[in-house]
Structure formats: structure tokens, C-alpha cells
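>>> prediction below, plus the sequence it came from.
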Amino acid sequence: MRVEVSGLTKSFGTVRAVSDLGFTVEPGSVTGFLGPNGAGKTTTLRMVLGLITPDAGSATFDGVPYAALPDPVGTVGAVLETAFHPARSGRDHLRVYCRAAGLPVSRADEVLTAVGLATAGRRRAGGYSLGMRQRLALATALLGDPPVLVLDEPANGLDPEGILWLRGFLRHLAHEEGRTVLVSSHLLSEMEQTADRVVIVGAGRLVRQGSITELRSGAQGAGTVLARTPDADRLAAVLGDAGMSADRGTDGLVTVTGATPAEVGARAFHAGVELHELRAETTGLEDLYFRLTAGQEQFAATSPTPEGAAR
Ligand SMILES: Nc1ncnc2c1ncn2[C@@H]1O[C@H](COP(=O)(O)OP(=O)(O)OP(=O)(O)O)[C@@H](O)[C@H]1O
């Protein structure tokens with residue numbers, strides 16, 4: 001099932017949260033919805049799910065708006081915020097949902113197992129860690145076995161192991177099960193290894209959409225490579241001869257711009273220069289994301305003025 005967003009616009013008073021936003025979310029892939037804080041991601045997802053009415057534009061599921069879907073629970077599963085009755089077990093929470101949605105209560109145990117909460121599901125949700133609550137929210141979204149999943153910052157509060165699990169889980173839902181997965185985040189690093197495609201927004205507007213591969217090729221050469229060697233003069237000369245810009249720093253450090261670590265490593269190897277360290281300072285993609293969204297954070301940090309600092 002394809003999700004299509006077109007001309008979506010929403011203001012709150014004088015704040016234009018979303019402006020003429022359009023993008024598509026394809027089945028069988030994970031689409032990362034990226035943007036800094038306040039870019040309008042949550043507002044967009046709420047409009048997609050029919051929770052708030054747009055001032056203009058539309059969001060449809062194979063051409064049908066959410067409000068007109070004959071079986072919304074069996075079409076779209078969403079995680080927007082994670083609020084549970086603290087005294088109720090995760091399992092009971094899911095069973096209540098099953099009854100309300102007309103689903104068999106046995107579905108509760110199936111989704112608990114799918115998200116790794118088979119045992120913890122019998123404990124009070126009030127005692128769950130943030131990561132467990134995220135898993136329970138995901139289980140709730142999966143109850144109706146929907147072809148579309150819309151998740152707002154599902155990685156929030158997950159530890160590194162949880163993030164790794166979520167990444168594999170979302171990719172499985174999309175690639176193996178053919179679902180349409182739209183997942184928001186303000187961190188590119190989180191999405192880089194999870195999403196197949198990204199939609200980047202800044203200040204409520206579309207900044208870029210495309211596959212991670214397209215984005216990466218557009219960002220090529222934007223990164224900085226750091227190499228540490230006991231023979232910095234020689235490495236800088238070798239790289240310079242190869243047309244790379246290489247600056248010698250202190251402590252045997254050479255900073256190279258406009259090259260990948262693989263290119264720098266290959267040149268060093270062929271010249272017989274010993275390397276003690278070789279790494280990308282930032283990926284080209286991160287630089288690109290930063291440039292695309294720079295200055296569009298709602299609470300962009302400003303340097304304190306000298307007077308302010310003195311006070
Ligand atoms: N109900 C509301 N009333 C007034 N302003 C709102 C409301 N909801 C959102 N906004 C404003 O709309 C803008 C976009 O907010 P939104 O929450 O959609 O951004 P976001 O990209 O999800 O940010 P974050 O990553 O911080 O969650 C912000 O300026 C926000 O203050």
C-alpha cells in the first residue's frame with residue numbers, strides 16, 4: 001500500500017508548522033522522515049493519521065484518506081506517543097485494544113512475542129523501562145496486522161541493543177513482509193542504517209527526498225578523513241600528488257578533504273606509508289543533512305553575547 005502526501009499545510013496561530021509538503025512512501029521499504037526538532041514531523045504524521053485536519057492538502061493510503069478507510073486498524077498501525085495504564089500489564093493493555101477493535105484476544109500474545117515482550121508482557125506496564133514501553137507501543141501498532149506502519153521517533157529511549165533490534169525489526173517488516181514503513185527521527189545516524197529512502201523536512205517544508213544511495217552519491221566527497229602516521233610529511237606529499245587536499249597537523253595527524261578513507265588508505269599502502277589510524281571524521285551524508293537543515297531548528301543555539309556571558 002502506497003502513502004501519498006500532497007500539498008499538506010498546517011498553521012497553529014501564527015506558526016506555520018507544515019508548508020505545502022508532498023512526498024510518497026512506497027511499500028516494501030523503510031522510509032525515514034527526518035528533520036530537526038520543530039521541523040513539523042509530528043504535525044505531518046498526525047495529519048496523515050487523520051488526528052488533526054490540514055488547512056490544505058491531503059494524505060492518502062492507496063488513494064483513500066484515513067477517515068474514509070473501511071478498516072483503519074487493519075490498514076494503518078501507528079506509534080505516536082506511549083501512554084499506558086500503569087497498573088495494567090502490557091498483555092492486558094493489548095487485550096483491551098483487541099476487544100475494542102474486534103480482534104481475537106489471542107493476537108495480544110502474538111504481537112508481544114514479535115516485539116520480544118513475551119515474558120515481560122505479564123508485568124505491570126507502569127514498571128516498564130522506556131525501551132519496553134516503545135516495544136509495547138509497537139506491539140499495539142501491529143495488532144491489526146496492518147500493511148502500513150507510521151512510527152514517530154520509535155528509537156527514543158532505546159539502548160544501543162534496542163536500536164539494533166528495532167532496525168532489524170523494521171527492515172524485516174518492510175523487506176520480508178512487504179509493509180510500508182514510515183518512521184520519523186531527528187537523527188540521521190539512526191536512519192542511515194535503517195531506512196531505504198529518506199524524506200527530509202526543515203521548517204515545515206520538504207528539503208529533499210530520495211534513496212539513501214542517491215543521497216550518499218550526492219554527498220560524496222563532502223567528508224573529512226583523518227589519518228595518523230609516523231611519516232606525515234610523506235603521506236601529505238603522496239596525497240597532494242594524487243590531487244587530494246591534505247593538511248598536516250600535530251602529532252602525525254593528516255586531515256584530508258574530498259576523499260574517502262578507502263582512497264586515502266589505498267594511496268598510503270601503495271606508497272608504503274605506515275598508518276596508525278584512518279577514519280572518516282563525519283560521513284558525507286551527515287555533512288549534507290546538516291547543511292540541508294542548518295539554521296532550521298526551532299531552538300537554534302545562539303552564541304551568548306559578551307555582555308550576556310559576563311552577567
Ligand atoms: N498543537 C499545537 N499548537 C501550537 N503549535 C504547535 C502545535 N503542535 C505543533 N506546534 C508547532 O508546530 C511546529 C512543528 O512541530 P512538530 O511537533 O510537528 O515538529 P517535530 O518535527 O515533530 O519536532 P520534534 O522533533 O521536536 O518532535 C513547532 O513550531 C511547534 O511548536
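It's in. Numbering: from 1, shown residues only.

>>> from here on, contacts and neighbour counts on C-alpha atoms
Fine.

>>> number of nearby residues for Ala262?
Using other C-alpha atoms under 10 Å, Ala262 is surrounded by 13 other residues.

>>> report all helices and strands that the helix or strand harbouring it contacts.
Counting by DSSP states H and E, the element that carries Ala262 is helix 261-271. Where contact means 3 or more C-alpha pairs under 8 Å, 6 or more residues apart in numbering; DSSP states H and E, helix 261-271 is packed against helix 232-241, strand 277-282.

>>> please enumerate the helices of the stretch 201-311 of the chain.
Taking DSSP state H, counting those that start in this stretch as the criterion, the stretch 201-311 of the chain carries its helices at 212-219, 232-241, 261-271, 284-293, 306-310.

>>> chain center to the fourth one: distance?
The chain centre lies 14 Å from the centre of helix 284-293; the measure is C-alpha atoms, centre = their mean, to the nearest Å.

>>> what do you get for the second one?
The gap between where helix 232-241 is centred and where its chain is centred comes out at 38 Å by C-alpha atoms, centre = their mean.

>>> which parts of that helix are buried?
Ala232, Leu235, Ala236, Ala237, Val238, Leu239 (16 or more other C-alpha atoms under 10 Å).

>>> quick one: contacts for Arg124?
Remark: with contacts taken as C-alpha atoms under 8 Å, 6 or more residues apart in numbering, Arg124 is in contact with Pro86, Ala87, Arg88, Ser89, Gly90.

>>> quick check: residues of this structure near the ligand?
Counting by C-alpha under 6 Å from any ligand atom, the chain comes close to the ligand at Phe12, Ala17, Pro36, Asn37, Gly38, Ala39, Gly40, Lys41, Thr42, Thr43, His186.

>>> number of residues surrounding the first one?
Applying other C-alpha under 10 Å, we find 9 residues neighbouring Phe12.

>>> that one pairs with what?
Here Phe12 sits in beta bridges with Val15, as judged by DSSP bridges.

>>> so how far is Val18 from it?
10 Å (C-alpha to C-alpha, to the nearest Å).

>>> the domain parsing of the chain - what is it?
3-210, 224-282 (automatic domain parsing).

>>> distance to Arg205 added to the helices of the stretch 201-311 of the chain, as a markdown table?
Shown next, in a markdown table, are the helices of the stretch 201-311 of the chain (distance: least, C-alpha to C-alpha, whole Å):
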| stretch | distance to Arg205 |
| --- | --- |
| helix 212-219 | 18 |
| helix 232-241 | 41 |
| helix 261-271 | 34 |
| helix 284-293 | 10 |
| helix 306-310 | 33 |
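
>>> want to try CSV for the ones you listed, with mean pLDDT and distance to Asp247 as columns?
Below are these laid out as CSV (pLDDT from 0 to 100; distance: least, C-alpha to C-alpha, whole Å):
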stretch, mean pLDDT, distance to Asp247
helix 212-219, 71, 21
helix 232-241, 93, 7
helix 261-271, 93, 13
helix 284-293, 74, 19
helix 306-310, 44, 33
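
>>> just to revisit the earlier point, closest one to Thr293 among the domains of the chain?
Among the domains of the chain, the nearest to Thr293 by C-alpha to C-alpha is domain 3-210 (5.6 Å).

>>> gap between the two ends of the closest one?
Domain 3-210 stretches 15 Å from its first residue to its last (C-alpha to C-alpha).

>>> repeat that for stretch 142-155.
End-to-end span of stretch 142-155 (C-alpha to C-alpha): 16 Å.

>>> counting contacts, what elements does the host helix or strand of Arg99 pack onto?
Arg99 belongs to helix 90-101 when assigned by DSSP H and E. Here helix 90-101 touches helix 106-114, helix 130-142, going by 3+ C-alpha pairs under 8 Å, 6+ apart.
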